[in-house]
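Enquirer: Predicted structure and sequence below. I'll ask about it afterward.
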There are 4 protein chains.
Amino acid sequence: MRYLDHEKPVITLTSGPVNAYPEVLQALGRTVLYDYDPAFQLFYETVVLKAKKAMRSTTMPVILHGEPVLGLEAAAASLITPDDTVLNLASGVYGKGFGFWAQRYSPKLLEIETAYNEAIDPQAVRDMLARHPEVSVVSVCHHDTPSGTINPIDEIGAVVAEHGAYLIVDAVSSFAGMKTHPEDCRADIYVTGPNKCLGAPPGLTMMGVSARAWEKMKANPAAPRASMLSILDWENAWSRAEPFPFTPSVAEMNGLDMALDLYLAEGPEAVWARHDLTARATRAGIRAMGLGLWAAREEIASPTTTAVRTPPGIDEAVLRREVRSRYGVVFSSGRGETLGKLTRIGHMGPTAQPIYALAALAALGGALEAVGVKADTATGVAAAIAEINADEPVG
Amino acid sequence: MRYLDHEKPVITLTSGPVNAYPEVLQALGRTVLYDYDPAFQLFYETVVLKAKKAMRSTTMPVILHGEPVLGLEAAAASLITPDDTVLNLASGVYGKGFGFWAQRYSPKLLEIETAYNEAIDPQAVRDMLARHPEVSVVSVCHHDTPSGTINPIDEIGAVVAEHGAYLIVDAVSSFAGMKTHPEDCRADIYVTGPNKCLGAPPGLTMMGVSARAWEKMKANPAAPRASMLSILDWENAWSRAEPFPFTPSVAEMNGLDMALDLYLAEGPEAVWARHDLTARATRAGIRAMGLGLWAAREEIASPTTTAVRTPPGIDEAVLRREVRSRYGVVFSSGRGETLGKLTRIGHMGPTAQPIYALAALAALGGALEAVGVKADTATGVAAAIAEINADEPVG
Amino acid sequence: MRYLDHEKPVITLTSGPVNAYPEVLQALGRTVLYDYDPAFQLFYETVVLKAKKAMRSTTMPVILHGEPVLGLEAAAASLITPDDTVLNLASGVYGKGFGFWAQRYSPKLLEIETAYNEAIDPQAVRDMLARHPEVSVVSVCHHDTPSGTINPIDEIGAVVAEHGAYLIVDAVSSFAGMKTHPEDCRADIYVTGPNKCLGAPPGLTMMGVSARAWEKMKANPAAPRASMLSILDWENAWSRAEPFPFTPSVAEMNGLDMALDLYLAEGPEAVWARHDLTARATRAGIRAMGLGLWAAREEIASPTTTAVRTPPGIDEAVLRREVRSRYGVVFSSGRGETLGKLTRIGHMGPTAQPIYALAALAALGGALEAVGVKADTATGVAAAIAEINADEPVG
Amino acid sequence: MRYLDHEKPVITLTSGPVNAYPEVLQALGRTVLYDYDPAFQLFYETVVLKAKKAMRSTTMPVILHGEPVLGLEAAAASLITPDDTVLNLASGVYGKGFGFWAQRYSPKLLEIETAYNEAIDPQAVRDMLARHPEVSVVSVCHHDTPSGTINPIDEIGAVVAEHGAYLIVDAVSSFAGMKTHPEDCRADIYVTGPNKCLGAPPGLTMMGVSARAWEKMKANPAAPRASMLSILDWENAWSRAEPFPFTPSVAEMNGLDMALDLYLAEGPEAVWARHDLTARATRAGIRAMGLGLWAAREEIASPTTTAVRTPPGIDEAVLRREVRSRYGVVFSSGRGETLGKLTRIGHMGPTAQPIYALAALAALGGALEAVGVKADTATGVAAAIAEINADEPVG
């Protein structure tokens, strides 16, 4: 048998979107309330309070009604002015990409760029800031998804805070999959969303905003207002007593509400632990199969996505096609610079379960064999099992 | 008994969001596919083709991933340049509002403004264009929802086409509730969405774009690109062979797919007919109750929203609160200029059913009595029944 | 327009099945767990405990996996032996019907039968039991749905308890719509289900069983065992530590779980109050319209179903067809003896809302006019509004 | 990490209930229609016609409103009379169990019993029938689920037909997972249900009934009538023109409707092929791991359940607990005679996908290692991959 392209796959193990939790899928179908209905206004406030709890923030988060690229673009448009000097930290395609948005709002852009299988060194940031006291905004991507690598944002954040610059953090694909919160890294704007490790569909941005970021945005006459790109419009929209600037995405809010309930009920530490174990088991298997991890070092490998270096002589697209066609499993390719060089296995939300590490390894190994690469799948699966069996219960 | 503010109401009869069709609510909970999965890419193309069919377009519609205000803002940002002279037609709060967006992109704004219970006269447009041959873009709101009034966009479109200007039409709350399509009114950009008469939740824009609008936008160096506000980014995104500029709102697409299926299966003419009958019965009832319609004339009263003039001496907010508290029914208030002056009863999608006209009249009449206004509810209901009973089967 | 037979109606206002609460519909779609899975076994126990709380029982209720007719048949088969003399109390089609099942298990059947628009007089029961000390089992239907009339089961139960006989109560369409619980009426077997006032779909029986009923059933060698008709098989099945005699209806249990959550969260008293007000408003309207209630007296009219006497010269089936065809509203006909003589408007679960009383009256009045009967619909609606407006908030 | 007993597992790979297809879960939540509503009556007829198509029957199937044990008990109660001599064929716990029901209705029971890891030999049936010309009813279980073994019912059916006896077939857990239909095996009553290979929840019986079975049941005065156990009551209930004997399980019918749509749309041959491949891959893996299959021979191993012999010295319950606790995967135990001797991996409906064979093998192997058994998991997974990779596309 083969899974045809037009047929739904069996398991989506991508770096997002992944399928949502069943409870979230159901919540999407709740009754659609009128946005001015008092029951909806109270509900909206409740969801923002849950987001605040999940993000461990002392300020009210902002929900924007578009997937997190909206949040990132809005952050650049609202916070960065032509007077700012921006230091963009680029360890991958997404980090690099933010620089282009930053430059749209200020011509003064500095950059630290590493190899795309490496991470930003906080000491390099410290040195750069020492050389460039004029830097007023720093931007960094926590988990550069196309590389499956993690930057040490809490350490970077401490360096930036010492310097006094504003910090913009893209934590879209790390939040809720590992320990990271806006105030842990002292972010002024922290962008994430429900569609990765929270296990909800794409369509919303969750944003942590510091008090001084609000001040800076308000003082920026060019910050979007009365616009889909506006953050300012939504400052008080969380309150049941305030109107919305435009109609919020009611169904997405219903889904987010449930995703936050699930996250808080399971316990963030438990959620992070299963992301971590799934990723560790996957990496153990990949190494034992004789394949290469994309991440230069184990310490910077993401717990939410494992990027596997494409074996020499293999067309990565063909490999993924075999995985889907024979096993009904969907992986992600690389993006931009990393396209064709790696395959990504996601461990996010409902797929952050060790059994999916085993399924992923078996499917990847099977497909490699099907395209004529000798992979030691058996040893890989055994190594992953050893990792899982060695794991201790949480708490 | 009373319905408390924090409890869900029984029936939402607003001018949107209304509750979605049950089938749409379910579709929102379909498996979330990866946006690069071939099955999703094919699905997306299929949905756009259904939208094309529903919109009776010869060009491929664009789906933007935010509620229709995104589409309106994006239209202004993409199509209007500082070289353009814009004629904005304002017969209500929404029409008027578009002028502010237009002015953001060109300082040369002309306007025809009517009383907000009236409609734009095509002859006035003809006269204005004759006096201002420099007008290059005309914008008009089809159904100015805060007034519940309809502009004759097909006639206006013919006048504009003769003149040669580009036409931007806001048909957000009329499309799928009455006979209106992008090419009927010769719109260059026609903005609508799933969250009104199609009976799906808010979160997407559906946009008809003419060939020459594509040309004008491409020639506009300031048209948003690599942005949430971009239309251009999405030009070819409908094709299964093309990537998406960012992750589409998968769940909303699933809902839209079903909303379009329902609309096409029931038959557009039949859908319009039940919107029309529900509105006619409501208006007959309102008049028989001795209340005033907001619309100056029956011919311009919307088939998707009935705006009822607030009786003298009544606080409109108190009245709506009684409707909700005693009957569990939610109506819309006015907006801006019309706030406090009228109450709106929506007839959209699943609520465009004559039985809801009867429920609305009874609840409105009951609440009026509760606040001490003598309303002839009984006669109103009888008049609506007569209207319904007199209606002939479609087809 | 007309609603065609093959199209879904807009509002189902029957005496059951009615549409389920939206939350229940969603709960039906929860993940299906394996019946031997410890998570399911715990869940099952939890649901039974919720049922116990809702039924205000001191013993564990039994869930049978078929709609309540299964429970009634099983009660007769399990409790009644050829040694028993059964007194069946028949004030309607369903009460009468139980006698046939009783007779299947014992030839010794006595009956008190009233007119089908009347209720059983507890004094008549007392007299009969005095004349027939041999009566060992009494059976009674609380709400004889085909008549929309209520028997005073708490008073009857006291009489039966004094006599010492076992009492079987059919409370299928009254439980959760008014104050009634197994131990209020001293029932030995009390049969109800999720598919009426609890607002869930048909497919399960909920049964209250007294300690002495368990003893009697166990002592009955003919009581079904290893059978779909068995109650005994399920005695301990509620416990997470016990296996199920056969696979329970997992999805129905998921729905019941939510229905019980909703009932307990809203508060039984509040739920009963909205059933009561909806029925009162309906009756006030019916009388004011000049139509006749089927129930001989207001005091015995059901709060969960209002039976309206068919006006002379009218074909009841034609009338209901008009209601559905013109208004998209579905009512129930009579059954057996009452078929053709009355139309029933249900007020159950999600439809026990006063606004539906108004919709029902308007639709009924409109259809009467359509078939040529002069009904004073206007006055009817006004009377119902007066009833609703006069109602005080609960608590 | 560990999966706690009260938490939902990740993947249920049992011999049923398994989780339903996502589309079926959604369909369960469709609007609940009134059973006398013409739209529902038409819908019901449509579903029965789809069942007829799926069962490749020339007669109308019967839907009973309880899980398939209801169908089996009803078949015994309706078809078997004290005049009948029944030959029950028992190759496992379920086949054996049917004999007890048969004996409830006729004392004249003959039996052919094999070891519970073997299958019934058609020649043995022929011989028995030759010796016992008085045999009038033969009963056989197609897939004796507690053993994971298949009886050759088409061959047995031919022998029985030659003899002229009535044939009762339990095909509950084989239908829709392999090629089997009522008329292929010449069954007079063929019992199956939606809750195994059709991927819907438990709660209904689907039954094929031959014309002569209807005659025999009608001629049987003891056949249940006006009873939950009745088949006769439902003879014409499929027709939109006929009332139901009691309220059908509306939500379950909605689920069945979708399950049949999915089955027919995917194509029965394709569905069987993925059951078959999943089972083959599982068996290849089990053997390569050095474990024993319960089935005595590969030819009789079920394509819908693989029963794995418990390694010596292992407590089977402890093993399954480890599988669930460490991997979040649920398998089935044995039942009765086979309890403790084997573990069952189901391949049914949505879990009949080769990737789940790999997941099952890895989880089983991992758990074996965790309990101290040296299992060659790696080789097992490799063998299963080889089986999957060698499989050719269907059609």
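Expert: Happy to help now that I have it.

Enquirer: hang on, residue A:301 packs against residue A:287?
Expert: No: with contact defined as CB atoms under 8 Å, residue A:301 and residue A:287 do not form a contacting pair (10.8 Å). C-betas here are computed from N, CA, C, even on glycine.

Enquirer: Now for these two: what residues contact both?
Expert: Both residue A:301 and residue A:287 are in contact with residue A:293, where contact means CB atoms under 8 Å, 6 or more residues apart in numbering or on different chains.

Enquirer: more crowded one of these two?
Expert: Neighbour comparison, residue A:301 and residue A:287: the larger count goes to residue A:301, with 24 against 15 (by other CB atoms under 10 Å in any protein chain shown).

Enquirer: Is there a neighbour count for the closest residue to that one other than its chain neighbours? I'd like the number.
Expert: Spatial nearest neighbour of residue A:301, excluding adjacent residues (CB to CB, 6 or more residues apart in numbering or on different chains): residue A:295 at 4.0 Å. Residues within reach of residue A:295, counting by other CB under 10 Å, total 24.

Enquirer: what does residue A:31 give?
Expert: By the measure other CB under 10 Å, the count of residues near residue A:31 is 18.

Enquirer: what residues are up against residue A:340?
Expert: With contacts defined as CB under 8 Å, 6+ apart, the neighbours of residue A:340 are A:310, A:315, A:316, A:317, A:333, A:334.

Enquirer: again, 6 Å this time
Expert: With contacts defined as CB atoms under 6 Å, 6 or more residues apart in numbering or on different chains, the neighbours of residue A:340 are residue A:316.

Enquirer: Can you give me the pLDDT of it?
Expert: pLDDT recorded at residue A:340 is 98.

Enquirer: hang on, residue A:46 in a helix?
Expert: Yes: in this structure, residue A:46 lies within a helix as judged by DSSP: H, G, I helix; E, B strand; the rest coil.

Enquirer: quick one: the strands in the stretch 51-200 of chain A?
Expert: When assigned using DSSP state E, counting those that start in this stretch, the strands of the stretch 51-200 of chain A occupy the ranges A:62-64, A:85-90, A:109-113, A:135-141, A:143-144, A:149-150, A:166-170, A:189-192.

Enquirer: The second one - contacts with which helices or strands?
Expert: Yep, that's strand A:85-90 we're talking about. Contacts of strand A:85-90 with other secondary structure elements, assessed using 3 or more CB pairs under 6 Å, 6 or more residues apart in numbering or on different chains; DSSP states H and E, are made with helix A:93-105, strand A:109-113, strand A:135-141.

Enquirer: Of the ones you listed, which is nearest residue A:154?
Expert: Across these, the minimum distance to residue A:154, taken as CB to CB, is reached by strand A:135-141, at 11.1 Å.

Enquirer: now the closest one against strand A:109-113, angle please.
Expert: Following axes from the mean of the first three to the mean of the last three CA atoms, to 10 degrees, one obtains 40 degrees for the angle between strand A:135-141 and strand A:109-113.

Enquirer: partner strands of strand A:135-141, parallel or antiparallel?
Expert: On the basis of DSSP bridges, the sheet neighbours of strand A:135-141 come out as strand A:85-90 (parallel), strand A:166-170 (parallel).

Enquirer: Burial-wise, tell me which of these comes out on top.
Expert: Compared across those, strand A:166-170 shows the largest average neighbour count, a mean of 27 (mean count of other CB atoms under 10 Å in any protein chain shown).

Enquirer: Tell me the gap between that strand and the middle of its chain.
Expert: Centre-to-centre, strand A:166-170 and its host chain are 14 Å apart (CA atoms, centre = their mean, to the nearest Å).

Enquirer: Check the model's average confidence along that strand for me.
Expert: Model confidence over strand A:166-170 averages 98 on the pLDDT scale.

Enquirer: List the contacts of the residue of chain A found nearest chain D.
Expert: Of all residues in chain A, the one sitting closest to chain D is residue A:378 (3.2 Å; CB to the nearest CB). Neighbouring residues of residue A:378 by CB under 6 Å, 6+ apart: D:378, D:379, D:381, D:382.

Enquirer: Out of these, which comes closest to chain A?
Expert: Lowest distance from chain A to these (CB to the nearest CB) belongs to residue D:378, with 3.2 Å.

Enquirer: which element is the closest one on?
Expert: With elements taken from DSSP states H and E, the one containing residue D:378 is helix D:377-390.

Enquirer: Quick one: mean pLDDT for that helix?
Expert: This predicted structure assigns helix D:377-390 an average pLDDT of 96.

Enquirer: next helix or strand past the helix or strand harbouring residue A:271?
Expert: Residue A:271 is part of helix A:268-288 when elements are defined by DSSP H and E. Reading on from helix A:268-288 to the C-terminus, the next helix or strand found by DSSP H and E is strand A:305-309.

Enquirer: Tabulate the CA atom coordinates of that following strand in CSV.
Expert: This file holds the C-alpha atoms of strand A:305-309, laid out as CSV (Å, rounded to 0.1, in the frame of the first residue of the first chain):
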residue,chain,number,x,y,z
THR,A,305,12.3,19.7,16.9
THR,A,306,15.1,17.3,15.9
ALA,A,307,16.9,18.2,12.7
VAL,A,308,18.6,15.3,11.1
ARG,A,309,21.3,15.9,8.6
